[in-house]
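# Need a 3D model of the following:
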Amino acid sequence: MIIAGILILLAYLLGSIASAVLVCRIFNLSDPRSEGSGNPGATNVMRLHGKKAAILTLTGDVLKGFIPVFIALLLNQPPLIVALCGLAAFSGHLFPVFFKFKGGKGVATLIGVLFATQWQLGLAYVVTWLIMAFIFRYSSLAALTAVFLTPLFSWFLLHELNYLICHIIMMGLLIWRHQSNIQNLISGKEDKIGQKDI
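Next up, the predicted model:
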């Protein structure tokens, strides 16, 4: 139990590291929390500072979801602990202790969690995202559609209640963090992929 608790705590702390903020500080770029959409994520960094910074941000956010789950699996932790490590890393991204509990929306970190849990699960999310993004050109709509289907993918591929419950919780949190995007989609004000104007 002690090891499990340490793994979950470390997962949260790793999730709390804001990749977008660190990348922008390293390259002397403006803080993405104060410009654009105000979200410290790869999409906002892309709009503000280009592909290089966005790719580094995306990589960091994916890894902080992937690493805790991967380590828990390497240590042969039961599904409950593995699932909680994923949820902790995801929660750390949304509510980072290092940044006054004001974090991002969690898409990239969720992808990392899903790929570490089972690569087919992560692939199902990414393929759904890509299809929706290609058709409608809205990153937020693609993310929302993919996460809405994630519990279904989870149960179909894993048949594990602990994973299913944690994935449902992450789905709810991600949808909640996208409230403004949902309102913009409804009103037709949401930025499309590749759109420069904020």
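# Might you list the low-confidence residue ranges for the chain?
Residues of the chain that meet the criterion pLDDT under 70 lie in 195-198.
# who are the neighbours of the longest helix along the chain, in terms of helices and strands?
Here the longest helix in the chain is taken by residue count, with DSSP state H as the criterion, and it is helix 51-74. Of the remaining helices and strands, those touching helix 51-74 by 3 or more C-beta pairs under 8 Å, 6 or more residues apart in numbering; DSSP states H and E are helix 2-15, helix 19-26, helix 42-49, helix 79-94, helix 107-117. C-betas here are computed from N, CA, C, even on glycine.
# Output those helices as JSON lines; include the columns mean neighbour count.
Below are the helices and strands packed on helix 51-74 laid out as JSON lines (neighbours: other C-beta atoms under 10 Å):
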{"stretch": "helix 2-15", "mean neighbour count": "18"}
{"stretch": "helix 19-26", "mean neighbour count": "20"}
{"stretch": "helix 42-49", "mean neighbour count": "23"}
{"stretch": "helix 79-94", "mean neighbour count": "25"}
{"stretch": "helix 107-117", "mean neighbour count": "27"}
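# Distance to residue 165 added to the ones you listed, as TSV?
Rendered in TSV, the data for the helices and strands packed on helix 51-74 read as follows (distance: least, C-beta to C-beta, whole Å):
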stretch	distance to residue 165
helix 2-15	15
helix 19-26	27
helix 42-49	27
helix 79-94	7
helix 107-117	13
